[in-house]
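1. Give me a 3D structure for the following:
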Amino acid sequence: QVQLVESGGGLVQTGGSLRLSCAASGRTFTTNTMGWFRQAPGKEREFVATISYSGKRVDYANSVKGRFTISRDNARNTLYLQMNSLQPDDTAIYYCAADADPRSWPLYSVRGYDYWGQGTQVTVSS
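-> Model (predicted):
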């Protein structure tokens, strides 16, 4: 099993920045593709960004492209999401996810991931 714990959420004004972290523990050698998702009240969980094990391949939802940057530090077993130019529409609970299949790339679907964190709240005030 792999445990994922997100941190770094909070309240920020429009145009501000936040950096989310996701610390992995347990059988971390089984994690390959990782991703960030978010879920706003009354909406389905949606894809935000994904990154390959090496970190060389990344992809983003159109809504965050150019504003968010996903990265990972495998030595520290940590996934990051740098969020700039935040907008009220970015308000949501943000979740990190990991997949055990080394062949999975790209991975945009909620169902494709094996492990999930508990989420961290991001609120952007207008």
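
2. and the residue lying closest to residue 4 once chain neighbours are set aside, what does it touch?
-> Leaving out its chain neighbours, the residue that sits closest to residue 4 by C-beta to C-beta, 6 or more residues apart in numbering is residue 117, at 3.7 Å. Any C-beta I mention is one placed from the backbone N, CA and C, and that applies to glycine too. For residue 117, the contact set (C-beta atoms under 8 Å, 6 or more residues apart in numbering) comprises 4, 5, 6, 22, 95, 96, 97.

3. among those residues, which are in helices?
-> Under the assignment DSSP state H, the contacts of residue 117 contribute nothing to helices.

4. where in the protein is pLDDT low?
-> 30 (pLDDT under 70).

5. For it, which strand extends over the most residues?
-> For the chain, the strand with the greatest residue count under DSSP state E is strand 18-26.

6. which outside residues touch it?
-> Contacts of strand 18-26 with the rest of the structure, by C-beta under 8 Å, 6+ apart, involve 1-10, 12, 31, 34, 36, 76-83, 86, 94, 96, 98, 117, 120, 122.

7. Appreciated, that's everything.
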